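In: Give the three-dimensional model of this entry:
(2 chains)
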Amino acid sequence: MAKTRVMIPCDEATRLLSEAQDRTLGTGERTVLRMHTWVCSKCRLFGEQLGFIRLAARGFAQRADDGDGADPADRAGDPPARL
Amino acid sequence: MSASVPDSLTDPTFVASLRQQMVKFAQMHLSDSHLAEDAVQEALAGAWSGGQRFAGRSAFKTWVFAILKNKVADLLRHKQRVVDAGSLLKEGEDQTLDDFFDAKGHWLQDAQPTAWNRPESSLEQQQFWAVLEVCLDGMPAAQGRVFMMREFMGFETDEICAQVGITPSNFFVMMHRARLRLRECLDQRWFSKAA
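Out: Numbering: from 1, shown residues only, chains lettered A, B, ... in the order given. Sure thing, here's the model as predicted:
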């Protein structure tokens, strides 16, 4: 098993936050990440903002599918996207 | 004959604007204007010969974009792999995080995240989408492409790596970088201005 450091720096924490969107993190990774975001408000914000970026990217793709600039009326009834 | 042509396709203004949107969409994904034009042409031809009737333009757009999306996905699967593997890897290799973190891995003062005020409400604002598009356009080509494959087209990591010919670790590096960059761009061009 790879050695596990208790505290990881922010560059590594943001890497794990990003990778968490593309794969399932291991138990050790989740633990060190949780410890980091517990004390680091910057990385906590980064994680939240990544969630929003995913939401926005999906909304963007959806708009491209619908045809950008379609009648606003077409879209008025759309439910808001959910996390 | 003309009875089988969807009504929407007989309006030249509608077709021209739809075509433009389609080309934009295809170019975003393919980063190749010739491939994009071809994909759009084929999708429109498919729509034309399909002969289905649609309740409205909105339904027709959805359908024609679904065809286009499949064409784009096919092209990404079959044509780009060989061509792009080299440039993707090269771009992946010299990605450092110097713009965001110091030597110890701490956030640089200018790069550190600050709170965004009610980000969800941005999704309702037309201007936000224009800013997002600028930010996406500003990404390095290969990085933007894997980001869009992941976030727009919803491919899984394995699938992207296999199609593009990169390793998972390379993919993760590119996505990390892409997200840092996109976050910063949205912060600078949207959220810090809206405040």
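In: In space, not sequence, find me the middle residue of chain B.
Out: The centroid of chain B falls nearest to B:Met148 when counting by C-alpha atoms, centre = their mean (4.1 Å).
In: distance of the residue lying closest to that one once chain neighbours are set aside from A:Thr14?
Out: Spatially, and ignoring its direct neighbours in sequence, B:Met148 is nearest to B:His29 (5.8 Å; C-beta to C-beta, 6 or more residues apart in numbering or on different chains). The C-beta positions use only the backbone N, C-alpha and C, and glycine is treated the same way. Relative to A:Thr14, B:His29 is positioned 26 Å away (C-beta to C-beta, to the nearest Å).
In: the helices in chain A, which residues?
Out: A:10-19, A:27-39, A:41-66, A:72-75 (DSSP state H).
In: And those: which comes nearest B:Met139?
Out: helix A:41-66 (11.8 Å; C-beta to C-beta).
In: Does that closest one pack against any helices or strands, and if so which?
Out: Helices and strands touching helix A:41-66, by 3 or more C-beta pairs under 8 Å, 6 or more residues apart in numbering or on different chains; DSSP states H and E, are helix A:10-19, helix A:27-39, helix B:12-30, helix B:57-78, helix B:119-122, helix B:126-137, helix B:141-151, helix B:168-186.
In: could I have the third one exported to CSV, CA atoms only?
Out: Right, helix B:12-30. What follows is helix B:12-30, C-alpha atoms only, in CSV (Å, rounded to 0.1, in the frame of the first residue of the first chain):
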residue,chain,number,x,y,z
PRO,B,12,-34.5,29.2,-45.3
THR,B,13,-34.0,31.5,-42.4
PHE,B,14,-34.6,28.8,-39.9
VAL,B,15,-32.4,26.3,-41.8
ALA,B,16,-29.5,28.9,-42.0
SER,B,17,-29.6,29.7,-38.3
LEU,B,18,-29.9,26.0,-37.4
ARG,B,19,-27.0,25.2,-39.6
GLN,B,20,-24.9,27.8,-38.0
GLN,B,21,-25.7,26.5,-34.5
MET,B,22,-24.9,23.0,-35.7
VAL,B,23,-21.5,24.0,-37.2
LYS,B,24,-20.6,25.7,-34.0
PHE,B,25,-21.5,22.7,-31.9
ALA,B,26,-19.6,20.3,-34.2
GLN,B,27,-16.5,22.6,-34.3
MET,B,28,-16.5,22.8,-30.6
HIS,B,29,-16.2,19.1,-30.4
LEU,B,30,-14.1,18.3,-33.4
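In: quick check: mean pLDDT across it?
Out: Taken as a whole, helix B:12-30 carries a mean pLDDT of 82.
In: so what's the residue nearest to the centre of chain B up against?
Out: For B:Met148, the contacting residues are A:Ala57, A:Ala61, B:Met28, B:His29, B:Leu136, by C-beta atoms under 8 Å, 6 or more residues apart in numbering or on different chains.
In: I'd like those as CSV, with neighbour count and distance to B:Leu18 appended.
Out: What follows is these, written out as CSV (neighbours: other C-beta atoms under 10 Å in any protein chain shown; distance: C-beta to C-beta, whole Å):
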residue, neighbour count, distance to B:Leu18
A:Ala57, 19, 23
A:Ala61, 19, 17
B:Met28, 20, 16
B:His29, 25, 17
B:Leu136, 19, 21
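In: Which pair of those residues spans the longest distance?
Out: Checking the contacts of B:Met148 with C-beta to C-beta, the most distant pair is A:Ala57 and B:His29, at 12.8 Å.
In: Give me the common contacts of these two.
Out: With C-beta under 8 Å, 6+ apart as the test, A:Ala57 and B:His29 both reach B:Met148, B:Phe152.
In: Got the domain ranges for chain B?
Out: In the domain annotation for chain B, the residue ranges read B:2-78, B:80-194 (automatic domain parsing).
In: mean pLDDT lowest for which of those?
Out: domain B:2-78 (a mean of 76).
In: No further questions, thank you.
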